[in-house]
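> Okay, sequence plus prediction incoming.
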Amino acid sequence: MHNPWKGLHQRSHVPASNEPGHLQPTDRILTMVRLFEQKVHRIRCILSFSVQKFLQIDGVMWGAAFAYNAFFSLFPLIILFITGASFFIDRTRATMEIVGFVERYVPMSNKMHHHIFDTVTGVVTARRQASTVAFFLLLVMTVRCFITLINATNRAWGTTVAWWRLPMKSLVLFGALAIAVFLGCAVPVFVVVVKDGIFTEFNFSSRIFGLASLSIPLMTVFVSLSFVYKFAPRRPTRLNEVWIGALCATVLLQVAEYLFVLYLKNVDTVNAVYGTFGGIMALLLWIYLSGCIFIFGACLCVAQAATPSSTVHIRE
C-alpha cells in the first residue's frame, strides 16, 4: 500500500535564524505556518490511509456481517438486560429505562419507533417464556457480533486472533457493553433525582441538566468504542492510538444519525417498498451504517498509530 506520509519528516525542517539560538518574528511566523501545514498534511495522510485500509479489508462486507449479527442479537440483548434489571427495580421501570436508552441510539420516526419497540415491550411482558430463549440467542448471536468486530479490527491492524480466544474476547467486550449500558441508564436517572430531589432548593439551571443528559449518550459511545479499539487487537495498543479514532467514530455516528433522520423524514422510500416492514428495514440499515462507521474508526486508529510524530519546535 502506498504510504501517503512518506517524507513527512523532511517537511518539518525549519531553517535556522541568522542569530544563533534565536528566532526573529518573521522566522517565528514562518515556523507557525509550517507547523500548521504539517498538521493539515498529517490529517490528510490519516484520512487517506484510513480510506485505503477500509477498502483493503473490505470494510463494507464487514459492516454487513456486523449488521446481520447485531440485528439478531438486539432483541434478545434488550430482553436480557431488562430481565437482569428487574431483579433490582420494578420491571415496568426497567423496561422503560432500557428501551428508552436503546431508542436514543436508533434514529427513526415515532411511528417506526412504536412499531418496533412496542413489540419488544410485549415480548418483555412474557418474560418467563422469552428469557430462556433470549439467553441462548444472546449467547450465540452476541458472541458472533463481537467476533465480527474483533476480526475486522485485527484485520485492519494486520494481526490475527486464535479461534479459541475469540469467544473470550467477545465476552469481555460484552461485559464492557453491559457496564456502559448500566451507566448510561443509571446516570440520567441519578441526574433527575439530583435535580428534583436533593438540590431543589439551590435552583440549579435546567440547562446544566439538559447538557448532562445530552452528553451522557455521547460519552457512553465514546468510552465503549475506545474500549473496543484498545482491547480487540492482538497487539499492544496504547490509549493515545485509539481515542482519536473513537472520537471521530462518535462524531460520524452523530452526523450519520442527523442525515438518516433527515432522509427518513423527506424520503418515504422505505415504507413505500417494504410496507409494514419499513421500520425493521430502517433499523437494519442504521445498524449497517453504524457497523461501517465502527470499522472505519478502527482504520483511523491504525492510521493514527502509523503516522510519524514529527513536530516543528520553536526555539526561544
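Perfect, I can see it now.
> Residue ranges in the stretch 101-250 of the chain under the pLDDT threshold?
By pLDDT under 70, the low-scoring segments of the stretch 101-250 of the chain are 108-139, 141, 181, 184-213.
> all helices for it, in order.
Taking DSSP state H, counting those that start in this stretch to define them, one finds helices in the stretch 101-250 of the chain at 110-125, 127-137, 143-157, 166-193, 206-231, 239-266.
> who does the last one touch, helix- and strand-wise?
I take that to be helix 239-266. helix 206-231, helix 278-306 (3 or more C-beta pairs under 8 Å, 6 or more residues apart in numbering; DSSP states H and E). All C-beta spots, glycine's among them, are computed from the backbone N, C-alpha and C.
> Show me the one of the ones you listed that comes nearest Phe174.
Ranking the helices and strands packed on helix 239-266 by proximity to Phe174 (C-beta to C-beta) places helix 206-231 first, at 10.8 Å.
> In contact with the nearest residue to Trp157 once chain neighbours are set aside, which residues?
In space, and not counting its chain neighbours, Trp157 is closest to Pro233: 4.7 Å by C-beta to C-beta, 6 or more residues apart in numbering. By C-beta atoms under 8 Å, 6 or more residues apart in numbering, the contact set of Pro233 is 153-154, 157, 159.
> got it, and Ala246?
Counting by C-beta under 8 Å, 6+ apart, Ala246 makes contact with 222, 225-226, 229, 297, 301.
> Put together CSV for these, with neighbour count on each row.
As requested, the contacts of Ala246 are exported to CSV (neighbours: other C-beta atoms under 10 Å):
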residue, neighbour count
Phe222, 19
Leu225, 25
Ser226, 22
Tyr229, 29
Gly297, 28
Cys301, 31
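> moving C-terminal of the host helix or strand of Arg28, what's the next helix or strand?
Assigned by DSSP states H and E, Arg28 belongs to helix 25-56. The helix or strand immediately downstream of helix 25-56 is helix 59-85, counting by DSSP H and E.
> Now that following helix: buried residues?
For helix 59-85, the neighbour count (16 or more other C-beta atoms under 10 Å) marks 59, 62-83, 85 as buried.
> who does that helix touch, helix- and strand-wise?
helix 91-103, helix 110-125, helix 127-137, helix 143-157, helix 166-193, helix 278-306.
> tell me the mean pLDDT over it?
In this model, helix 59-85 carries a mean pLDDT of 82.
> so that helix versus helix 143-157, what angle?
140 degrees (axes from the mean of the first three to the mean of the last three C-alpha atoms, to 10 degrees).
> now helix 59-85 and helix 25-56, what's the angle there?
Helix 59-85 runs at 80 degrees relative to helix 25-56, counting by the same axes, to 10 degrees.
> Roughly how far does Leu252 sit from Leu47?
12 Å (C-beta to C-beta, to the nearest Å).
> Please identify which of the two sits among more neighbours.
Counted by other C-beta atoms under 10 Å, Leu252 and Leu47 do not tie: Leu252 has more neighbours, with 18 against 15.
> quick one, what contacts the closest residue to that one other than its chain neighbours?
The shortest distance from Leu252 to any non-neighbouring residue, by C-beta to C-beta, 6+ apart, is to Ile293 (4.9 Å). Contacts for Ile293 were tallied using C-beta under 8 Å, 6+ apart; they are 249, 252-253, 256.
> Most neighbours among the residues you listed, which one?
In terms of neighbours by other C-beta under 10 Å, those top out with Ala249 at 25 neighbours.
> so who does Val228 touch?
Val228 sits next to 149, 153, 173, 176, 294 when contact means C-beta under 8 Å, 6+ apart.
> Let me have those in JSON lines, extended by distance to Ile98.
Shown next, in JSON lines, are the contacts of Val228 (distance: C-beta to C-beta, whole Å):
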{"residue": "Leu149", "distance to Ile98": "22"}
{"residue": "Thr153", "distance to Ile98": "27"}
{"residue": "Leu173", "distance to Ile98": "19"}
{"residue": "Ala176", "distance to Ile98": "17"}
{"residue": "Phe294", "distance to Ile98": "22"}
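> do you know how far Ser290 is from Leu30?
Applying C-beta to C-beta, the value for Ser290 to Leu30 is 44 Å.
> Same drill for those two, tell me which one is more crowded.
Ser290 (23 against 16).
> Let me see the contact set for the more buried one.
With the criterion set at C-beta under 8 Å, 6+ apart, Ser290 makes contact with 67, 253, 256.
> Let me see the confidence value for it.
Value listed for Ser290 in the pLDDT field: 92.
> Can you tell me how far it is from Ile43?
From Ser290 to Ile43 the distance is 24 Å (C-beta to C-beta).
> Ok, Val172 next?
Val172 is 32 Å from Ile43, where distance means C-beta to C-beta.
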